[in-house]
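Participant: Quick one: sequence and predicted model below, then my questions.
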Amino acid sequence: MAIIDATNMILGRLATQAAKQALKGEEVTVVNCEKAVVTGNKENIYENYMKKFDVGQVNQGPYFPKRPDMLVRRTIRGMLPRKKPKGRAAFERVKCHIGMPQGIKAEDAKTVPGAGIEKVKKVPFMTVSQLCRHIGFKG
């Protein structure tokens, strides 16, 4: 079982590593999803995510999550071949949590090497919780 701490990790790099581990057959648990980081200019990030909400209709979808843990899980889903049986099975092995759940110890959670924000110098970024608050999450 792989436990990944998403604190100060770039969302896309985190998602690729989680997807790879899930495809290998491991149970993947991502904790502190609200502390993951999306790099780029804030206005561009807001604009890109708001475009995803404008697609479709309210009753018919596609539905895009507003909660930080579900947004991270949706990003991981994008890295998986979800229309194939192995991708569907891998996606079922992925769990995402806001904060640290009670059954998991903080020292068990590991970060993915090379996926932290400290790897890139002087790049504007925002956390997933800031993004979700702008989108409409009221938690």
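Facilitator: Yep, it's here. Since the model is a prediction, treat every value here as computed from it, not as a measurement.

Participant: so where is the protein shaky, pLDDT-wise?
Facilitator: Along the chain, the model assigns pLDDT under 70 to residues 119.

Participant: Strands along that one, start to end?
Facilitator: Taking DSSP state E as the criterion, the chain carries its strands at 2-5, 28-31, 37-39, 94-96, 125-127.

Participant: Let me know which of those strands is the nearest to residue 61.
Facilitator: Closest to residue 61 of the strands of the chain, according to C-beta to C-beta: strand 94-96, at 20.4 Å. Bear in mind the C-beta positions are built from the backbone N, C-alpha and C, glycine included.

Participant: What pairs with that closest one, parallel or antiparallel?
Facilitator: Sheet pairing for strand 94-96, assigned by DSSP bridges, gives strand 28-31 (parallel).

Participant: Excluding its own residues, what touches the partner strand? List them.
Facilitator: 1-6, 14, 18, 21-22, 69, 72-73, 76, 93-97, 99-101, 104, 109 (C-beta atoms under 8 Å, 6 or more residues apart in numbering).

Participant: buried subset of those residues?
Facilitator: Neighbour-count burial (16 or more other C-beta atoms under 10 Å) applied to these gives 2-6, 14, 18, 21-22, 69, 72-73, 76, 93-94, 96-97, 109.

Participant: So which residue of this protein lies furthest out from the middle?
Facilitator: residue 59 (25.0 Å; C-alpha atoms, centre = their mean).

Participant: Just give the nearest non-adjacent residue to residue 78, would you?
Facilitator: Once flanking residues are discounted, residue 78 sits nearest to residue 15: 7.1 Å by C-beta to C-beta, 6 or more residues apart in numbering.

Participant: repeat for residue 39
Facilitator: Excluding the flanking residues, the one nearest residue 39 by C-beta to C-beta, 6+ apart is residue 125, at 4.7 Å.

Participant: Would you enumerate the residues in contact with the one you found?
Facilitator: 10, 37, 38, 39, 40, 117.

Participant: residue contacts, the residue nearest to residue 78?
Facilitator: Applying C-beta under 8 Å, 6+ apart, the residues near residue 15 are 72, 75, 76, 78, 79.
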